[in-house]
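> this one's sequence-less:
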């Protein structure tokens, strides 16, 4: 039988605080481990507010990772994990480094690497943790203690304050700035290579073309193409960043979307003469976070043999998710199986119909044209037509407070829920949140 000390509400009748154990057990429906509930109960009792334990538990629960509905219209939202993936695998071991033909140890890069190489039109490919890791590994393996020529206009900073010069410094390579911020010609690279061959000069091992993620330079500008760089007598590495496999988008039923104009493709860069390309797996490719290196076999193998490759290697779950994504490209089922491209391919009329149904059941909600964007530094400045459900006022906190948080945006004092980045199955969640506001 429970005693007064076991009752989390017994302070009202006895004047004594509840026991930690009883208060912690009363938090069971929050879905946290009992050990966490005990800590929260202790904190609430120590603060003299045992009645706050439930609110504290809910607040802690919301600091953990959980699924959310992305209604921002930013399809690859970095804060929301970029490309949404739904990879599943059975609770079994996986032949990550086992050659099934020989029964001997194999390479974890072989399975996915051969698929990615085929997609890119490359001789070989390998995978690391993210694109910054891919760039660092390439530089460490191919240019340690030597120079890498990069245009001043491409010595960029990406999200989280990571800069190309910083990554290069950590790799052991030396940054060789060429050209100016707005104009860099092939002659600038050639001059840097020649200076490096003079006595006392720093030899240039690579030229590097960096995709200007998150910004665009316009006006009096000039840049050097991969094809022009490939004519020089050092290998060119193209860091295309965003992960567009093929600029022709053969997995789509029609031509490439207009917003992709000018976005570099891995296949096209290799065809133009790049020795290697590096890019992200969780941007336009639509897979899990990863960095992909593809190109000449001998250079990829040198990267794979470098000691850093082990420190930067991905685990089996990432490899399995990448394999599933690559197979979707090869099977031409991308717009069905890869969430990012499914969102891109959804006709505006379909979005409008979904928005109309939500507005019809919600007082004060209106349907409006909207503009979505790829996000995550992909195709900077590009937008695509979309449709949003709009309500007056700032309701972002209300939507974030739902059991499945809904992330929208506010513009001009109104809340917008853009449907291009929302899975159709989640419309019911939007409807319930709109009705409950």
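Received, thanks. What you see is a predicted model, and the numbers here were worked out from it, not measured in a lab.
> where along the stretch 1-150 of the chain do the strands fall?
Assigned by DSSP state E, counting those that start in this stretch, the strands in the stretch 1-150 of the chain fall at 69-70, 124-128, 147-151.
> same check, this time on the stretch 251-400 of the chain
For the stretch 251-400 of the chain, the strands defined by DSSP E, counting those that start in this stretch occupy 276-280, 291-295, 366-372, 384-392.
> ok, and what's touching the second one?
Meaning strand 291-295. Strand 291-295 has contacts (C-beta atoms under 8 Å, 6 or more residues apart in numbering) with 116-117, 120, 122-135, 137-138, 243, 266, 270, 274-281, 285, 300, 303, 312. For the C-beta atoms, the positions are set from N, CA and C on the backbone; glycine is no exception.
> hang on, the earlier thing: mean neighbour count, distance to residue 143 and mean pLDDT added to the strands of the stretch 251-400 of the chain, as CSV?
As requested, these are exported to CSV (neighbours: other C-beta atoms under 10 Å; distance: least, C-beta to C-beta, whole Å; pLDDT from 0 to 100):
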stretch, mean neighbour count, distance to residue 143, mean pLDDT
strand 276-280, 29, 11, 96
strand 291-295, 29, 14, 98
strand 366-372, 17, 39, 97
strand 384-392, 21, 38, 97
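> how about these in CSV, adding distance to residue 182?
CSV is the format used below for the strands of the stretch 251-400 of the chain (distance: least, C-beta to C-beta, whole Å):
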stretch, distance to residue 182
strand 276-280, 25
strand 291-295, 29
strand 366-372, 28
strand 384-392, 28
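> out of those, nearest to residue 260?
With C-beta to C-beta as the criterion, residue 260 lies closest to strand 384-392 of the strands of the stretch 251-400 of the chain, at 9.7 Å.
> in its sheet, what does the closest one sit against?
Sheet partners assigned to strand 384-392 using DSSP bridges are listed as strand 366-372 (antiparallel), strand 414-418 (antiparallel).
> out of those strands, which gets nearest to residue 384?
strand 366-372 (5.2 Å).
> quick one: distance of the closest one to the chain centre.
25 Å (C-alpha atoms, centre = their mean, to the nearest Å).
> in JSON lines, list the strands paired with strand 384-392 along with distance to residue 234.
Below are these laid out as JSON lines (distance: least, C-beta to C-beta, whole Å):
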{"stretch": "strand 366-372", "distance to residue 234": "41"}
{"stretch": "strand 414-418", "distance to residue 234": "45"}
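> figure out which of these is closest to residue 154.
strand 366-372 (27.3 Å).
> who's in contact with that closest one?
With C-beta under 8 Å, 6+ apart as the test, strand 366-372 has contacts from 73-75, 352, 355-356, 359, 383-391, 416, 418, 420-421.
> try stretch 336-354
So stretch 336-354 is in contact with 75-76, 83-86, 251-253, 257, 284, 286-287, 324-325, 328-329, 334-335, 367, 384-387, 419-421, 423-424, 427, going by C-beta under 8 Å, 6+ apart.
> buried ones among these?
By neighbour count, with 16 or more other C-beta atoms under 10 Å, the contacts of stretch 336-354 hold 75-76, 83-85, 251-252, 257, 284, 286-287, 324-325, 328-329, 334-335, 367, 384, 386-387, 419-421, 427 as buried.
> where in the protein is pLDDT low?
1-15, 158-162, 213-217 (pLDDT under 70).
> mind telling me what element the closest residue to residue 357 other than its chain neighbours is part of?
Beyond its immediate neighbours in the sequence, the residue positioned closest to residue 357 (C-beta to C-beta, 6 or more residues apart in numbering) is residue 427, lying 7.4 Å away. Using DSSP states H and E, residue 427 falls within helix 427-436.
> what helices and strands are in contact with that helix?
Contacts defined by 3 or more C-beta pairs under 8 Å, 6 or more residues apart in numbering; DSSP states H and E place helix 427-436 against helix 348-360, strand 384-392, helix 396-400, strand 406-407.
> buried among the contacts of strand 291-295? Make that a ChimeraX selection.
Buried residues among these (16+ other C-beta under 10 Å), as a ChimeraX selection:
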select :116,117,120,122,124,125,126,127,128,129,130,131,132,133,134,135,137,138,243,266,270,274,275,276,277,278,279,280,281,285,300,303,312
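> which of the contacts of strand 291-295 fall within helices?
Judged by DSSP state H, helices contain the following of the contacts of strand 291-295: 116-117, 120, 131-135, 137-138, 266, 270, 300, 303.
> okay, domains of the protein per the record?
4-61, 69-83+341-436, 110-337 (automatic domain parsing).
> take those and write them to a markdown table, including distance to residue 94.
Formatted as a markdown table, these follow (distance: least, C-beta to C-beta, whole Å):
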| stretch | distance to residue 94 |
| --- | --- |
| domain 4-61 | 28 |
| domain 69-83+341-436 | 22 |
| domain 110-337 | 5 |
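> closest to residue 96 out of the ones you listed?
Across the domains of the chain, closest to residue 96 is domain 110-337 (C-beta to C-beta), at 4.6 Å.
> what sits against the closest residue to residue 31 other than its chain neighbours?
Excluding the flanking residues, the one nearest residue 31 by C-beta to C-beta, 6+ apart is residue 61, at 6.5 Å. Residue 61 makes contacts with 30-32, as judged by C-beta under 8 Å, 6+ apart.
> then residue 28?
Neighbouring residues of residue 28 by C-beta under 8 Å, 6+ apart: 34, 37.
> measure it to residue 34 for me?
8 Å (C-beta to C-beta, to the nearest Å).
> any idea how far residue 142 is from residue 298?
If you measure residue 298 against residue 142 using C-beta to C-beta, the figure is 10 Å.
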